[in-house]
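In: Okay, sequence plus prediction incoming.
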Amino acid sequence: MRKSTVAIVGRPNVGKSTIFNRLVGERISIVEDTPGVTRDRIYAKAEWLNTDFNIIDTGGIDLSDEPLLVQVREQAEIAIHEADVIIFLVNGREGITSADEEVAKILYRSNKPVVLAVNKVDSYEMQHLIYEYYALGFGQPFPISGTHGLGLGDLLDEVVKHFPDRSNEIEDEDRIYFSLIGRPNVGKSSLVNAILGVDRVIVSDIEGTTKDAVDTSFTREGRDFTIIDTAGMRKRGKVYETTEKYSVLRAMKAIERSDVALILIDADTGIREQDKKIAGYAHDAGRAIVIVVNKWDTVESSQDAMKEFEQEIRKQFQFLSYAPIVFLSAKTKKRLHTLLPKIVMAGENHAKRVKTNVLNEVIEDALAVNPTPSIKGQKLKILYTTQVAAKPPTFVVFVNDPQLMHFTYERFLENRIREAFGFEGTPVNIYARRRN
Ligand SMILES: Nc1nc2c(ncn2[C@@H]2O[C@H](COP(=O)(O)OP(=O)(O)OP(=O)(O)O)[C@@H](O)[C@H]2O)c(=O)[nH]1
Ligand SMILES: Nc1nc2c(ncn2[C@@H]2O[C@H](COP(=O)(O)OP(=O)(O)OP(=O)(O)O)[C@@H](O)[C@H]2O)c(=O)[nH]1
C-alpha cells in the first residue's frame, strides 16, 4: 500500500530541520553510514502508532537565492504538491510575521489538511504563546519544542488522523510498477513516450492522491505495466522544479512506489556524480534496477563502444553489479525493443520466491566447495537457510554465531544463490541469525 507523505513548511529559521530530524528519529542515524542516503536530508521515512509515512523538509530545498517571500511561497507549493498532510510550523517566540501570513494564504487555497504547530514552546509555562496563532485560521495550534522534543506525540496524533484512507487501494500483484529516474534532460519524458508509442490509445491516466502524481498504465503482450509518476516529468516553470534537491525528492518518491527503477544515463554527457546518487537511492530502497543508456544515437555505435561504456558503468556503479544495462535511443527508437524484456526479467526476479529445500541444497553444495571460515578457532556453522521475503529477495541464514559470518563469506553465499536461481536485476539481502 502506498504510504502517506507529510511536509513541513514554514518561513526560514522556525525550526523545520530540527523538527524533521526529531520526527525521523533514529532512523536517520541508522542509514547515516550508507553513502547517498542522508546527504540530502529532505526526505525520510518516519513512523507513528505503527503507521509508516514519508516526511519532507521543504526548507531543505535550497531557494536561498530567491527573495524571502518567493522562498516561502515555493516551499508551500512543494508541500501542497507532494504531501497528503502539511505541518505548518511557526515560531512561538516571534509572533505572526508577514512571511507566516504569506504561507497561510497559499495553504488556504489548497485542499490539503494543515496542522499548525507552534515551535520553541520549550516549557509548560510558555503554553499561552499559542493563542495568538488561532488568528492564522487553521484551528487549534499545537505547542511543540524541537530542541526538547515536547508536544510531538499530540502533533503526530493529529497528523495521522488526516491521512487519506488507502484501504481500497489494491496493488495488482502481477502488474509491474516501474519508474524512470535520472538527471534533468537525460530523456525521461522522451523514453516514456517512446515506450508508450502507438499504444497511447489504450493508456489510462490514474489520478494519484497527490494532485501532481499521475501514473500511466498499459498492457503489452498480455502483461500489465504501470509507469509511476509520469506527469511529474511534464511541465516545468516553478522555481523549485529546477533545483537538484527537488529532482532527487521526486526520484525518491517515485522509487518508493516502484518495483523496478530504470536509471537513465545520458550517453552524450556520460556518467555524472548525480547519476550515482540517484542510483544509490534506488539500490538502498531495495528496488530492482535496469540501467538505461539513452541517446545512444549520439555515439558512434559499435560493439567496442558499448563494451567500453559498459565497463565504465560497472566501474562507477559497483554496487549495481546485478543490474542489466540496455543501450537505446528514445529519439530514433533504436534497440528500444530490448527494454521491456529486461524490465520484466528484473521485476520477476525481484518478486521471486525459492523453495526452502532447493535453497538448502544449493547452500550445502556451496559449503562443499568452500567450507565455512573460522575466526579465532571458532568455526561458523550453517544450520539452514530460508527466504523470508521477496521484493527484494531476502534470506536468513541460521548459524551458530552471526559474528563468525564474515562479509566475504556472505558475498560468496549470495553469489551461489544468484547463480542457482538467477536473480539478475534485483538486489538480494542476506542476514545471519543465531540458532542453537
Ligand atoms: N528554543 C528553541 N529553539 C529551537 C527549537 N527548535 C529549533 N530551534 C532553533 O531554531 C533555529 C533554527 O532551527 P532550524 O531547524 O535550522 O530551522 P529551519 O526552519 O529548518 O530553518 P531553515 O532551514 O533556514 O528553513 C536553530 O538555532 C535551532 O536550534 C525549539 O524548540 N526551541
Ligand atoms: N539525440 C537524442 N536526444 C534525445 C534522446 N532522448 C531525449 N533526447 C533529447 O534530450 C532532451 C531532454 O529530453 P526529455 O525527454 O525532456 O528529458 P527529461 O529527462 O524528461 O528532462 P526533465 O524533464 O528536464 O527531467 C530533449 O531535447 C530530447 O529531444 C535520444 O535518445 N537521443
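Out: Happy to help now that I have it. Ligands and ions are numbered 1, 2, ... in the order given.
In: would you list every one of the strands in the stretch 301-436 of the chain?
Out: 325-327, 374-375, 378-379, 382-389, 394-399, 429-434 (DSSP state E, counting those that start in this stretch).
In: Quick one: closest of those to I130.
Out: Closest to I130 of the strands of the stretch 301-436 of the chain is strand 382-389 (C-beta to C-beta; 44.5 Å). Just so you know, the C-beta spots here come from the backbone N, C-alpha and C atoms, and that holds for glycine as well.
In: Which strands or helices does that closest one pack on?
Out: helix 356-369, strand 394-399 (3 or more C-beta pairs under 8 Å, 6 or more residues apart in numbering; DSSP states H and E).
In: how far away is the closest residue to N54 other than its chain neighbours from ligand 2?
Out: Distances taken as C-beta to C-beta, 6 or more residues apart in numbering put T5 closest to N54, at 4.5 Å, once the chain neighbours are dropped. Plainly put, T5 is 21 Å away from ligand 2 if you go by C-beta to the nearest ligand atom, to the nearest Å.
In: Same question for L380.
Out: Between L380 and ligand 2 the computed distance is 47 Å (C-beta to the nearest ligand atom).
In: re earlier: for the helices and strands packed on strand 382-389, give me JSON lines that also has mean pLDDT.
Out: As requested, the helices and strands packed on strand 382-389 are exported to JSON lines (pLDDT from 0 to 100):
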{"stretch": "helix 356-369", "mean pLDDT": "95"}
{"stretch": "strand 394-399", "mean pLDDT": "94"}
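In: Check which element follows the host helix or strand of I263 along the chain.
Out: According to DSSP states H and E, I263 maps onto strand 260-266. With elements assigned by DSSP H and E, the helix or strand that comes after strand 260-266 is helix 273-284.
In: How far away from the center of its chain is that next one?
Out: Averaging C-alpha positions (C-alpha atoms, centre = their mean, to the nearest Å) puts helix 273-284 10 Å from its chain's average.
In: try stretch 286-300
Out: That offset, for stretch 286-300, works out to 20 Å (C-alpha atoms, centre = their mean).
In: do stretch 306-326 as well
Out: Averaging C-alpha positions (C-alpha atoms, centre = their mean) puts stretch 306-326 22 Å from its chain's average.
In: Tell me the span between the first and last residue of it.
Out: 10 Å (C-alpha to C-alpha, to the nearest Å).
In: ok, and what's touching it?
Out: Residues from elsewhere that reach stretch 306-326 (C-beta atoms under 8 Å, 6 or more residues apart in numbering): 263, 265, 267, 270-271, 275-276, 279-280, 283, 289-293, 299, 327, 335, 338-339, 342, 345-346, 418, 423-428.
In: May I see the buried residues of that stretch?
Out: Neighbour-count burial for stretch 306-326, counted by 16 or more other C-beta atoms under 10 Å, picks out 306, 309, 313, 316-317, 319-320, 322-326.
In: now that stretch: mean pLDDT?
Out: For stretch 306-326, mean pLDDT is 95.
In: close to ligand 2, is it?
Out: No. Interface with ligand 2: stretch 306-326 contributes nothing (C-beta under 6 Å from any ligand atom), its closest point being 12.2 Å away.
In: Now the stretch 151-300 of the chain against ligand 1: closest residue?
Out: G151 (9.2 Å; C-beta to the nearest ligand atom).
In: ok now do the nearest residue to R335 once chain neighbours are set aside, which residues does it touch?
Out: In space, and not counting its chain neighbours, R335 is closest to L328: 4.2 Å by C-beta to C-beta, 6+ apart. Neighbouring residues of L328 by C-beta under 8 Å, 6+ apart: 292-294, 296, 334-336, 338-339.
In: In contact with the residue nearest to Y409 when sequence neighbours are not counted, which residues are there?
Out: Nearest residue to Y409, sequence neighbours excluded (C-beta to C-beta, 6+ apart): P373, at 5.6 Å. Shown in contact with P373 (C-beta under 8 Å, 6+ apart): 379-380, 404, 406, 409.
In: Reformat these as a markdown table; add pLDDT and neighbour count.
Out: Formatted as a markdown table, those follow (pLDDT from 0 to 100; neighbours: other C-beta atoms under 10 Å):
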| residue | pLDDT | neighbour count |
| --- | --- | --- |
| K379 | 93 | 12 |
| L380 | 93 | 21 |
| L404 | 91 | 19 |
| H406 | 89 | 15 |
| Y409 | 94 | 19 |
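In: Settle this for me: R257 is touching S179, isn't it.
Out: Yes. Using C-beta atoms under 8 Å, R257 is in contact with S179, at 7.4 Å.
In: D174 reaches F225, doesn't it?
Out: No. Under the criterion of C-beta under 8 Å, D174 makes no contact with F225, lying 10.4 Å away.
In: Give me the more crowded residue out of the two.
Out: With neighbours defined as other C-beta atoms under 10 Å, D174 and F225 compare such that F225 has more, 21 against 9.
In: how close does the more buried one get to ligand 2?
Out: Distance from F225 to ligand 2, by C-beta to the nearest ligand atom: 18 Å.
In: Check F319 too.
Out: 23 Å.
In: returning to what we had before: give me the buried subset of the contacts of stretch 306-326.
Out: Among those, those buried by neighbour count (16+ other C-beta under 10 Å) are 263, 265, 267, 271, 275-276, 279-280, 283, 289-293, 299, 327, 339, 342, 345-346, 418, 423-428.
In: Skipping its backbone neighbours, what lies nearest the residue in the stretch 101-250 of the chain that ligand 1 sits nearest to in space?
Out: For the stretch 101-250 of the chain, the residue closest to ligand 1 is G146, as judged by C-beta to the nearest ligand atom, at 3.2 Å. Leaving aside its chain neighbours, G146 sits nearest to T18 (3.5 Å; criterion: C-beta to C-beta, 6+ apart).
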